[in-house]
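1. build the 3D model from these lines:
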Amino acid sequence: MADSKLENLPGSDDKFRCPICLEEVRNPKYLTCYHTFCKSCIQTYISSTAACSGDNSPKTIQCPVCRKSIQAPSNDASSEEWACSLPEDKLILSMSIDSDRSENQYCMFCQRNDKTVQAKHWCKTCTETICDDCKSFHSHVPLLQGHKIVRLADVEDLRKETEIDEPCVIHKGKYVEVFCHDHDQLCCSTCFCTKHRFCKKVESFEDVTMELEEAHGQITPTCFEDVLKKLNHIQEEYRKTVINLNTKKQEICTNTDTKIEEIKSLLDKAHNQWMKQFEQKHSDAVGNIEIASDELKRFATALQEGKTMLKRVLENGSKMQIFVSRYKIRRQILDHVDRLHDLKIMDAVHDYNQPDTDFLRQVCDDRSFRDVSVFEMPTETLETVSNFAAQLQNNQILNRRKIMSKKDWMKIGFEKLSESDLKKKVYYGLFLDDTNVLLSVKNPPSLQIYDITDPKAKCVLTYPCSTAPFGICLSGEGMDKVYVSFKTHVDYYKVEISQSVTIKKIKTIELKTHMKGLSGGPALFFTRNDAMRMICTPEFSVKSSSLASCRGNAPFISASSNSYKHAVVDGNELLVVGKNNEELFKKDLSTTICPRGLAFDLQENIFVCVMNNKLMQIKYGGGESRYIELPGIKESYNVVLHPTGEKVLILDFGEKFCVYRVL
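-> So this is what the prediction gives:
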């Protein structure tokens, strides 16, 4: 409901609570979206909501929190069998023992034999309370002798970390053992053998947790606080909006009734028709707000649950558990944000207006009343959740970027990962993620996405354009939104890569000055045409400009991601410029062969393509330079660095591109 509050969300008291019954979770089971529920609650939910999409299709449910579709383990599985097959959240079990209530704990082993015996101990391996006799039984059974058992009264021992095997959500009876960086997925041995054996970077948890620093670029409980407060504020605004709409509706209806009484004999029919239309408008307006408010509360529930889990894991978990939990929470939230975007319900009616109450004239002229006007406006909801999602994504990029920035970039090398021949010359491209690149193709006018997972890259989408596209750059909010220049205008797109690949245009920005090359800095855009370089606002209004001669078929410009510098090749000179259009340094390139595209590396040295099988690298300041061999390239024409610095895209003038790993 629109007047609902977020203060009493499940988990707001730092206890693991079931989102269905709102009580402390019992026998926790989790779905493939990583939301956890009581076994009995999710079984009841499955029994009441499971449905089939076709005669031979497995039954499905929607997660009660995020609405993700979940399939049954088999076509004929009962609700009890389905609930039992769900993975048990042993991490919650191991962190939920409360020593202050130890006198109310009973031995779980004895209860299965219909006995009630006071529990004195907690087996961290079994994740169950046990009595003295069952503890003694553990010591006599070889398979149980290695279990970690502590007294319920020993608070410190209870809170000390212990490793909990994390079940694989796809393969029953298997546990996750490795992490695939290429697909951003947790994998068991079966997952690895069937889907990830050819991936370039798959690491064990021991290796991946050693690489990542806990304190840098990781989500923490405190980063949830502001967004939860913001969501609560939005809920309050929803409540006030409904009150205002109800008040205005009553005022308008009362005024209308007064006028109608004066001319009722002529107005009854028009009045009834008007009321029906207005009631429908009002019902739609309030109903949409209530739906949006309910979806917002579900998202806040997911955030609160993630905050509680992350806080407890950071306090009590091992490094492996912290890494896995952060991954699951991040994926859960990003998937939920995508579903909120797809709903398209966040623009709410905030006011009504009735411009004309001369009903007698309206009935005489039109035989009907003039409709009440409805005023819609966008709320802060999508902006709030999108900014938070971008923060989670950027945390991952920044962390990987920090690791790569520790290299000595004047000594790095390249290892070729993927390549593809092109039907036409292509001058601009960028990375969409670790496994896909976007190219702007002049003829026929289109945007093309290539999957670079395999050594031979393949085109997975061609998006036709009405005119030829030129420069492309990321928006800065993540790697799924891009700006594309069409010379007279810039289009803003969202690229979705999941089971299928799609491109959706969000808006068009008309330009007063022609722009071809694009590059995005921390808060500004740097653009170029054939005769000029420009510094632009986020809406592509030109703040300052300077003449710059263009050589070759396309003008190039590159912005540093670390500062407000940008670089261009002006004639035979490399020019680096600051945010106020001041020249920082120049380097004469007249001895090189045809300098073309360029890019900053992570230490602000500059790569320059020189129309041969090498890439020139110039140390920032111009004091040192070298050439890097490019296997597979004949005439290097443009260079693009992955935001993390882990990969490089080289466009060949000979209708080809190659992707390299930075070594």
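
2. show me what the residue lying closest to Phe414 once chain neighbours are set aside is bridged to.
-> In space, and not counting its chain neighbours, Phe414 is closest to Tyr660: 3.8 Å by CB to CB, 6 or more residues apart in numbering. The way it works is simple: take the backbone N, C-alpha and C, and place the C-beta from them, glycine included. Residues in a beta bridge with Tyr660, per DSSP bridges, are Lys416, Val648.

3. verify the contact between Tyr660 and Lys416 for me.
-> Yes. The pair Tyr660 and Lys416 passes the contact test of CB atoms under 8 Å, sitting 5.4 Å apart.

4. and Ile243, its phi and psi?
-> When read as degrees, to the nearest 10, the backbone of Ile243 gives phi -60, psi -40.

5. give the contact list for it.
-> Neighbour list for Ile243: empty [criterion: CB atoms under 8 Å, 6 or more residues apart in numbering].

6. which helix or strand in this structure has the lowest average pLDDT?
-> Least confident helix or strand, the chain: helix 155-159 with a mean of 57, by mean pLDDT, DSSP states H and E.

7. the helix or strand harbouring Arg331: what's the following helix or strand?
-> Following DSSP states H and E, one finds Arg331 within helix 319-343. Next in sequence after helix 319-343, counting helices and strands by DSSP H and E, comes strand 347-353.

8. helices or strands up against that next one?
-> Packing partners of strand 347-353 (3 or more CB pairs under 8 Å, 6 or more residues apart in numbering; DSSP states H and E): helix 225-262, helix 264-316, strand 373-378.

9. sheet-wise, list the partners of that strand with their directions.
-> strand 373-378 (antiparallel).

10. report the angle between the strand it pairs with and helix 264-316.
-> Orientation check (axes from the mean of the first three to the mean of the last three CA atoms, to 10 degrees): strand 373-378 against helix 264-316 gives 10 degrees.

11. quick one: the helices and strands packed on strand 347-353 as CSV, columns for mean pLDDT and distance to Tyr428 too.
-> As requested, the helices and strands packed on strand 347-353 are arranged in CSV below (pLDDT from 0 to 100; distance: least, CB to CB, whole Å):
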stretch, mean pLDDT, distance to Tyr428
helix 225-262, 89, 35
helix 264-316, 86, 36
strand 373-378, 75, 32
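
12. deepest of these, which one?
-> helix 264-316 (a mean of 18; mean count of other CB atoms under 10 Å).

13. the closest residue in space to Glu604 that isn't next to it in sequence: helix or strand, and which one exactly?
-> Spatial nearest neighbour of Glu604, excluding adjacent residues (CB to CB, 6+ apart): Tyr620 at 4.5 Å. Element membership of Tyr620, judged by DSSP H and E, is empty: it is in no helix or strand.

14. so who does Tyr620 touch?
-> Here Tyr620 is in contact with 576, 603-606 (criterion: CB under 8 Å, 6+ apart).

15. among the residues you listed, which two are most distant?
-> Farthest pair in these (CB to CB) is Val576 and Gln603. Separation: 13.6 Å.

16. so for those two, which residue has more residues nearby?
-> Val576 (22 against 16; other CB atoms under 10 Å).

17. which element is that one on?
-> Secondary structure assignment for Val576, by DSSP H and E: strand 573-577.

18. re the thing from before, could you save the helices and strands packed on strand 347-353 as a markdown table and add columns showing distance to Gln396?
-> As requested, these are exported to a markdown table (distance: least, CB to CB, whole Å):
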| stretch | distance to Gln396 |
| --- | --- |
| helix 225-262 | 18 |
| helix 264-316 | 15 |
| strand 373-378 | 28 |
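
19. still on that earlier bit, show me which of Tyr660 and Lys416 is the more surrounded one.
-> Per other CB under 10 Å, whichever of Tyr660 and Lys416 has more neighbours is Tyr660, with 23 against 15.

20. and the more buried one, what's its pLDDT?
-> In this model, Tyr660 is scored at 97, pLDDT.

21. and it, how far is that from Ser560?
-> Remark: distance between Tyr660 and Ser560 (CB to CB, to the nearest Å) = 21 Å.

22. partner strands of the lengthiest strand in the chain and their direction?
-> Secondary structure assigned by DSSP state E gives strand 501-515 as the longest strand of the chain. Applying DSSP bridges, strand 501-515 is found paired with strand 487-497 (antiparallel).

23. tell me the buried residues in the strand it pairs with?
-> 490-491, 493-495, 497 (16 or more other CB atoms under 10 Å).

24. which one of the residues you listed sits closest to Thr591?
-> Taking CB to CB as the measure, Thr591 lies nearest Val490 of the buried residues of strand 487-497, at 36.2 Å.

25. list the beta-bridge partners for that closest one.
-> With DSSP bridges as the rule, Val490 is bridged to Ser485, Ile509.

26. next one: the one 4 residues further on
-> Listed by DSSP bridges, the beta-bridge partners for Lys494 are Lys481, Lys504.

27. please parse the protein into its domains.
-> According to automatic domain parsing, the chain comprises the domains 221-403, 407-662.

28. now those domains as JSON lines including distance to Thr60?
-> Listed next are the domains of the chain as JSON lines, based on distance: least, CB to CB, whole Å:
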{"stretch": "domain 221-403", "distance to Thr60": "15"}
{"stretch": "domain 407-662", "distance to Thr60": "15"}
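
29. and the residue nearest to Thr116 when sequence neighbours are not counted, bridged to which residues?
-> Distances taken as CB to CB, 6+ apart put Tyr106 closest to Thr116, at 5.8 Å, once the chain neighbours are dropped. With DSSP bridges as the criterion, Tyr106 is bridged to Gln118.

30. was I right about Tyr106 contacting Val117?
-> Yes. Using CB under 8 Å, Tyr106 makes contact with Val117 at a distance of 6.4 Å.

31. more neighbours: these two, which one.
-> A direct count of neighbours by other CB under 10 Å for Tyr106 and Val117 places Val117 higher, at 18 against 15.

32. three-state assignment of Met404?
-> helix (DSSP: H, G, I helix; E, B strand; the rest coil).

33. what about it, how many residues nearby?
-> 18.

34. contacts only, for the residue nearest to it when sequence neighbours are not counted.
-> With sequence-adjacent residues excluded and distances taken as CB to CB, 6+ apart, Met404 is closest to Gly645, at 3.7 Å. When contacts are counted by CB under 8 Å, 6+ apart, Gly645 touches 400-401, 404-405, 601-602, 662.
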